[in-house]
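J.: Sequence below, structure please.
(one chain, ligands or ions: 2)
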Amino acid sequence: MAHAQPESPPRLVAVGGMMGSGKSHVALRLARLLGAQVLSTDEVRREFAERGVTDALAPGFASALYPEVLARAAAWLRRGRTVVVDGTFRRRSLRADARRMAQAAGATFLFLECRVPVELARERMRERDDPGWEAMLEAFLAGWEPVVELRPEEHVVLDTSGPVEALDALHFDPDGTLRWPGATPGPGPGVRGAG
Ligand SMILES: Nc1ncnc2c1ncn2[C@@H]1O[C@H](COP(=O)(O)OP(=O)(O)OP(=O)(O)O)[C@@H](O)[C@H]1O
Ligand SMILES: [Mg+2]
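T.: Numbers count the residues shown, from 1 in each chain. Ligands and ions are numbered 1, 2, ... in the order given. Model (predicted):
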């Protein structure tokens, strides 16, 4: 498998984009390929909820999750471990924070934006039927800030509208470049079907 060895320097790979677009599947696949630590905003949200933080499940709670997730990511990067962070990264400021933290920890930064049409996201989320998914999706669509702030080599768009098995073809070249038929360098046309 490519990159079974630790990467040097380590990387921070942020997997973001539309709710229900397949971020968590992509993050797990990449973590296996890269031998990376996975951190997810959803998991940290659950931790907060289990600790009795009553508004942890509200869409607006996201802003409290990222500093915690990025602090944990920084600790791994400083130990030389590549990290995959699974979250929407809907705001420019969140992506900028992630990129700044990676640089400070001596890591490189890559933002992978998973993209599917809104209707497909809605269908997937309806099937999964998590409590409050409709409000979460609406909050995402209202708050999504298109990626215009990153350099082309820091931003790759993944069309994750196909079957999950398509992700099996994701791999990295020996030089660390992500290869996949559904991958195109950013920024691309924005969230399709939104607005
Ligand atoms: N090509 C695909 N890639 C990833 N997931 C897919 C794909 N096709 C269908 N799915 C399905 O879409 C649903 C969403 O996948 P996943 O949980 O990975 O998305 P997500 O972006 O992490 O969602 P959330 O925003 O709720 O965290 C799952 O039920 C998954 O099985
Ligand atoms: Mg997820």
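
J.: Whichever residue of the chain sits closest to ligand 2: which element?
T.: For the chain, the residue closest to ligand 2 is residue 24, as judged by C-beta to the ion, at 3.3 Å. (Each C-beta comes from the backbone N, C-alpha and C, glycine too.) Secondary structure from DSSP states H and E places residue 24 in helix 23-34.

J.: Would you tell me what the next helix or strand after that helix is?
T.: Helix 23-34 is succeeded, C-terminally, by strand 37-40 (DSSP H and E).

J.: And the contacts of that following strand?
T.: 24, 27-28, 31, 69, 72-73, 76, 81-87 (C-beta atoms under 8 Å, 6 or more residues apart in numbering).

J.: Contacting ligand 1 as well, which ones from those?
T.: residue 24 (C-beta under 6 Å from any ligand atom).

J.: among the contacts of strand 37-40, which two are most distant?
T.: 24 and 81 (19.5 Å; C-beta to C-beta).

J.: before we move on, the earlier item: tell me, how many neighbours does the residue of the chain closest to ligand 2 end up with?
T.: 17 (other C-beta atoms under 10 Å).

J.: Return the residues in contact with it.
T.: Contacts of residue 24 by C-beta under 8 Å, 6+ apart are 40, 42, 86.

J.: I'd like those written out as a markdown table, with pLDDT and neighbour count added.
T.: Formatted as a markdown table, the contacts of residue 24 follow (pLDDT from 0 to 100; neighbours: other C-beta atoms under 10 Å):
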| residue | pLDDT | neighbour count |
| --- | --- | --- |
| 40 | 98 | 19 |
| 42 | 92 | 15 |
| 86 | 98 | 25 |
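
J.: Around the residue in the chain that ligand 1 sits nearest to, how many other residues sit close by?
T.: Closest residue of the chain to ligand 1, C-beta to the nearest ligand atom: residue 22 (2.4 Å). By other C-beta under 10 Å, 25 other residues sit near residue 22.
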